[in-house]
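> model this:
(chains A and B)
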Amino acid sequence: MRTSTRRFKKLLIANRGEIAVRIARTCRNLGIRTIGIYSEQDRRSLHLDFCDEVVSLGEGPLSETYLNIPKIAEAIGRSRADAVHPGYGFLSERAAFARAVTGAGAVFVGPSPESIEAMGDKIEAKRRMAAMGVPLLPGTEGGVKDFSEAKKAAAKIGYPVLLKAAAGGGGKGMRIVRGGKNSEKELAASLESASREAKNYFGDGTVYVEKFLENPHHVEVQVLGDGHGGGGHVFDRECSIQRRHQKLVEESPAPLLMKHPKAKERVLEVATQVVERMKYASAGTLEFLAGDGGGFYFLEMNTRLQVEHPVTEWVTGLDLVERQIRVAEGERLKSGELTGAKKAGQRGHSIEARVYAETPFEYLPCGGKVKALRLPCGPFVRVDSAIYPGYEVLTDYDPTLLKLSVWGADRAQAVARLRSAVDELRILGVGSNQGFFFALTREKDFIEGNYGTPYIDRRMKDLKAIHGAEMARLLPLLAHGAIEAVRARPAGTLVKAGEKAGEKAGEARSAWESSARAAALRGER
Amino acid sequence: MKYTILSSETDEKLFECESAKGDVRVAIEGGLCAVASGEASREMFLFARGARADAVTFATALGSISLVVTRGGGDDESGAGRRGHRSVKSSMPGKILRIHCKEGEPVEAGQPLLTIEAMKMENEIRSPGAGVVEKIAVEAGQKVETGGLLVTLGAGEPGE
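Predicted coordinates for the structure are as follows:
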């Protein structure tokens, strides 16, 4: 390994929950002391148990705590941290924060403020990417004036096309025009109705024409750079299983690109070029929209570590947080070289599931106290958890309870291991979307890797059926268990639904629990 | 003895059965871990008893499930949840943002009753069935916990 210019001694983690725990773990491996920050209402967050020192940001909403740049800068100065890792979310993509960290005398473990700014402006980011030869989704730059302009644009882009209201959202003023014999007639009618709808809803009838992808995929490329043009891509991921535009499942390699090796080669090459030309520093992700045929179009670049980075770590063997820290310390990477010692390869297959505190199919938030917890383990299973028994899930923050990720020699083995990990997980007391993953890992199209972003909508019925069948199997077991547990209470405590039981009854210990302890002591099962 | 099992969140009847006859076995870990064995199935759950004497929560591969045990068949005693009165409880902790119904007014199934803010999202709580709003148990701006009573619905018989 090449010698670095310096080594960090103390790193402040400007985040909370599972990502703060994950960063603290790497620091511990590297012998770097960690400083955790927290808001008073969040003082039971798990990350504080993993940090060597903790600093309170006081009480108040996010803007006054985890998003309060002056307060965090003060904590950096007071704790004499020589580096700051922002995690993801919160201040991770705020150039002003990166500058404040430097101002406070520490190194920001992330890209330069200029890179953050350039990619933060979505239109500017697309302009720059196009200049570097990164493909964008074909479409008109502004609105189309009339039918003849729309016709020309559609012919150039190629059918099917999407007509989209400039001021739009929520599907209003949106029309898909298919190719074929009547495409022009259809285009004329759709243009007229989309424009009218846009005018009615948004007061602006301007309509764009854009390429329409039948079954779009969310494909992305992890990158890592040293800020001097060294570094490059760290392979691909696919995150097409989404709800409300939020990712639920991520994998590496991308199933779509496994079917299109040439497209994969191209997209990785493009990503490496971006790192070199931008002289990008630290970890980042280029996100693309891709079609079934393997065509890919730049969406945006995230200038930070990604939630789903564990799947990349599984298939490359790299610790991305460690690489971020080393690069921030001044380590240089040769072009395309990623470990400092040898080029990273992509081996096997990894899948991650995000377990949220929300219902499996309606996505309604759940809360409460975690009464007990059994985390899955076993071969090639990783858990990045934010919870522990006794932890009260706060509704003020991100709903992530934990992330399950697995590795397999191939995709089939990874799916099987994810299924086993989901089946093994037990979270008592707080509702979650675990049941969604139970169904997903048993659904045919997911098992075969045939899915795009419309997957959940299209397969909702099948997923619910799998879930329902398991619920029907479980209920008799749970019912008998519940009856035993309730019956074991002292006489007279069994009450009708809706009635509150006396406090005494709640305190009484059930014979069921006592016998459980006794059985455990005897070593019985 | 007949038992009816209800969901503790929605009061919905889930299951009805005869008393268990020694086919439940319990094991390990401070009374929190149980193996329930019906005919041929064996399964490991975590369980805890609720604050109410008749409530039990299980952790399963489908997530955390809370049940309420009542004595008798579903048509008589547990009918509290189905016939006559019906309580709408919060499925999430959060803050009441707006109330869309009024006491004494009829509501349709699926009609929004109120909006709760949780996890920075607005969630509409809809009526589980047709009826008359008997009582609104919360006020706008108030915080609620999971399982907290929101609205009581009456049967809404003509002339009521």
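
> quick check: mean pLDDT across the strand or helix carrying A:H480?
Taking DSSP states H and E as the criterion, A:H480 maps to helix A:455-487. Per-residue pLDDT over helix A:455-487 has a mean of 89.

> how far away from the center of its chain is it?
Computed by CA atoms, centre = their mean, to the nearest Å, the separation of helix A:455-487 from the middle of its chain amounts to 27 Å.

> do stretch B:47-55 as well
The answer for stretch B:47-55 is 13 Å, by CA atoms, centre = their mean.

> thinking again about what came up before, quick one: the helix holding A:H480 near chain B?
Yes. Using CB under 8 Å from any CB of the partner chain, helix A:455-487 reaches chain B at A:467, A:470-471, A:473-487. All C-beta spots, glycine's among them, are computed from the backbone N, C-alpha and C.

> pLDDT weak spots in chain B?
For chain B, residues meeting the criterion pLDDT under 70 lie at B:19-42, B:73-85, B:119-120, B:156-160.

> which of the residues of helix A:455-487 next to chain B are buried?
A:467, A:470-471, A:474-487 (16 or more other CB atoms under 10 Å in any protein chain shown).

> by contact count, what packs against whichever strand or helix holds B:I116?
Element membership of B:I116 [criterion: DSSP H and E] is strand B:112-118. Contacts defined by 3 or more CB pairs under 8 Å, 6 or more residues apart in numbering or on different chains; DSSP states H and E place strand B:112-118 against strand B:94-99, strand B:121-126, strand B:149-154.

> what comes up buried for the second one?
Residues B:M121, B:N123, B:I125 are the ones in strand B:121-126 that count as buried (16+ other CB under 10 Å).

> what lines up beside it in the sheet?
strand B:112-118 (antiparallel) (DSSP bridges).

> and residue 88, how many neighbours?
Chain wasn't specified; assuming chain A. 16 (other CB atoms under 10 Å in any protein chain shown).

> think we crossed wires, I meant chain B
Neighbours of B:V88 under the rule other CB under 10 Å: 25.

> how about A:G58?
For A:G58, using other CB under 10 Å, the count is 11.

> what's it in contact with, if anything?
Going by CB atoms under 8 Å, 6 or more residues apart in numbering or on different chains, A:G58 touches A:S39, A:E40, A:E64, A:T65, A:K71.

> let's see it at 10 Å
With contact set as CB atoms under 10 Å, 6 or more residues apart in numbering or on different chains, A:G58 has these partners: A:Y38, A:S39, A:E40, A:E64, A:T65, A:N68, A:K71.

> same deal with A:G368?
The contact partners of A:G368, taken as CB under 10 Å, 6+ apart, are A:357, A:391-393, A:428-431, B:57, B:64, B:66, B:92-93, B:145-147.

> chain B contacts on the stretch 151-300 of chain A?
Proximity of the stretch 151-300 of chain A to chain B is confined to A:R244 under the rule CB under 10 Å from any CB of the partner chain.

> which parts of the stretch 301-450 of chain A are strands?
For the stretch 301-450 of chain A, the strands defined by DSSP state E, counting those that start in this stretch cover A:349-356, A:368-369, A:372-374, A:381-385, A:392-393, A:400-408, A:426-428.

> separation between the closest residue to A:I351 other than its chain neighbours and chain B?
Leaving aside its sequence neighbours, A:I351 sits nearest to A:E251 (CB to CB, 6 or more residues apart in numbering or on different chains; 4.4 Å). Distance of A:E251 to chain B, computed by CB to the nearest CB, to the nearest Å: 21 Å.

> what's the mean pLDDT across the strand or helix carrying A:E251?
Under the criterion of DSSP H and E, A:E251 resides in strand A:246-252. For strand A:246-252, mean pLDDT is 96.

> partners of that strand, with directions?
Strand A:246-252 has these strand partners (DSSP bridges): strand A:231-243 (antiparallel), strand A:349-356 (antiparallel).

> list the beta-bridge partners for A:I35.
If you apply DSSP bridges, the partners that A:I35 bridges to are A:L12, A:E53.

> that one and A:C51 touch, don't they?
Yes. Using CB atoms under 10 Å, A:I35 is in contact with A:C51, at 6.2 Å.

> got a list of what A:S79 touches?
A:K10, A:L11, A:L12, A:R33, A:T34, A:I35, A:G36, A:I37, A:E53, A:V54, A:V55, A:A106.

> for A:I35, same thing?
By CB under 10 Å, 6+ apart, the residues touching A:I35 are A:10-14, A:24, A:27, A:51-55, A:75-76, A:78-81, A:84.

> turn the strands of the stretch 301-450 of chain A into JSON lines, including mean pLDDT and distance to B:E108.
Shown next, in JSON lines, are the strands of the stretch 301-450 of chain A (pLDDT from 0 to 100; distance: least, CB to CB, whole Å):
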{"stretch": "strand A:349-356", "mean pLDDT": "98", "distance to B:E108": "31"}
{"stretch": "strand A:368-369", "mean pLDDT": "90", "distance to B:E108": "30"}
{"stretch": "strand A:372-374", "mean pLDDT": "91", "distance to B:E108": "40"}
{"stretch": "strand A:381-385", "mean pLDDT": "98", "distance to B:E108": "42"}
{"stretch": "strand A:392-393", "mean pLDDT": "92", "distance to B:E108": "33"}
{"stretch": "strand A:400-408", "mean pLDDT": "98", "distance to B:E108": "35"}
{"stretch": "strand A:426-428", "mean pLDDT": "94", "distance to B:E108": "35"}
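
> so which of the ones you listed gets nearest A:A165?
strand A:349-356 (31.2 Å; CB to CB).

> CA-only coordinates of that closest one in PDB, if you can.
C-alpha atoms of strand A:349-356 as PDB (Å, rounded to 0.1, in the frame of the first residue of the first chain):
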ATOM      1  CA  HIS A 349     -24.000 -11.700  -6.300                       C
ATOM      2  CA  SER A 350     -25.400  -9.600  -3.500                       C
ATOM      3  CA  ILE A 351     -28.900  -8.400  -2.600                       C
ATOM      4  CA  GLU A 352     -30.000  -5.900   0.100                       C
ATOM      5  CA  ALA A 353     -33.500  -5.500   1.600                       C
ATOM      6  CA  ARG A 354     -34.400  -2.300   3.500                       C
ATOM      7  CA  VAL A 355     -36.600  -3.100   6.500                       C
ATOM      8  CA  TYR A 356     -38.700   0.000   7.200                       C
END
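
> hmm, back to that, between the helix holding A:H480 and strand A:231-243, how big is the angle?
If you take axes from the mean of the first three to the mean of the last three CA atoms, to 10 degrees, helix A:455-487 sits at 60 degrees to strand A:231-243.

> picking up where we left off before, which of the contacts of A:G58 count as buried?
A:Y38, A:S39, A:T65, A:N68, A:K71.

> circling back: which two of the contacts of A:S79 have the greatest separation?
Farthest pair in the contacts of A:S79, by CB to CB: A:V54 and A:A106, 17.1 Å.
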